[in-house]
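Engineer: Please find the sequence and the predicted model below.
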Amino acid sequence: MVQALNDNSLAVVRAMRRFRNEAEQQQVERVLTSYEDGSFLIDRLGAGLAVDQDLAVVLLNLRRRLIDEYGDTPVVMMLIDRAVAAYQDFIRVTGWTGNTALMIEAEFFGRDRPRAGLRDRPGEIRGLTVEEYIKRLGQDLIPLAERCGRVMREALAALETVRAVPSSAVERSKPISLSIRR
């Protein structure tokens with residue numbers, strides 16, 4: 001079995017080498033262009049079409065504005081993409097939290113009063129549905145939203161730290177002497 005996997009992987013590598021000429025250069029240009037315009041990140045965050053278009057516009061705008069403010073060095077770009085991805089996660093989890101809160105309100109204040117949920121076996125009671133929603137909020141969703149927020153804050157703080165560090169090009173440059181004459 002291991003030998004078959006090894007043979008298959010070698011066959012894939014050989015097949016890919018055939019397509020490496022001009023097609024590889026075109027792929028590199030296409031991917032780098034999509035990385036620079038932000039569509040690469042949006043595709044990775046939600047498989048392209050799965051991301052809400054309004055959210056994609058906001059994420060791309062945030063990314064562009066952060067690049068304008070902090071620059072586009074590799075370290076900065078990685079931190080910006082991390083902050084944007086964390087913001088997208090935060091928005092998603094916040095939506096789940098809001099939906100769960102609506103379900104709790106419907107249970108408490110809707111036409112249906114709190115009811116017992118049934119497990120797979122008839123007659124087996126697992127507890128009130130509203131209790132499950134509240135448990136999910138407290139144990140899962142709210143801590144997850146806090147984690148997403150923390151990741152976002154850490155990435156933004158790291159961006160500020162990078163901005164505060166003097167440029168390595170300036171630090172390595174040779175001093176010049178200037179004479180000022182009156």
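Structural biologist: Great, that's in hand. Here the structure is a predicted model, which is why all the values come from computation and not from measurement.
Engineer: and the residue nearest to residue 137 when sequence neighbours are not counted, what element?
Structural biologist: Spatial nearest neighbour of residue 137, excluding adjacent residues (Cβ to Cβ, 6 or more residues apart in numbering): residue 100 at 5.5 Å. All C-beta atoms are positioned from the backbone trio N, CA, C, and that covers glycine. Assigned by DSSP states H and E, residue 100 falls within helix 74-109.
Engineer: got it, and residue 24?
Structural biologist: Going by DSSP H and E, residue 24 is part of helix 22-37.
Engineer: and that helix, what does it pack onto?
Structural biologist: helix 39-46 (3 or more Cβ pairs under 8 Å, 6 or more residues apart in numbering; DSSP states H and E).
Engineer: List the buried residues of the helix it packs on.
Structural biologist: For helix 39-46, burial by neighbour count (16 or more other Cβ atoms under 10 Å) applies to 40, 41, 42, 45.
Engineer: Please pull up the helix or strand immediately following it.
Structural biologist: Next helix or strand after helix 39-46 toward the C-terminus (DSSP H and E): helix 53-70.
Engineer: Which strands or helices does that next one pack on?
Structural biologist: Judged by 3+ Cβ pairs under 8 Å, 6+ apart, helix 53-70 is in contact with helix 39-46, helix 74-109, helix 142-164.
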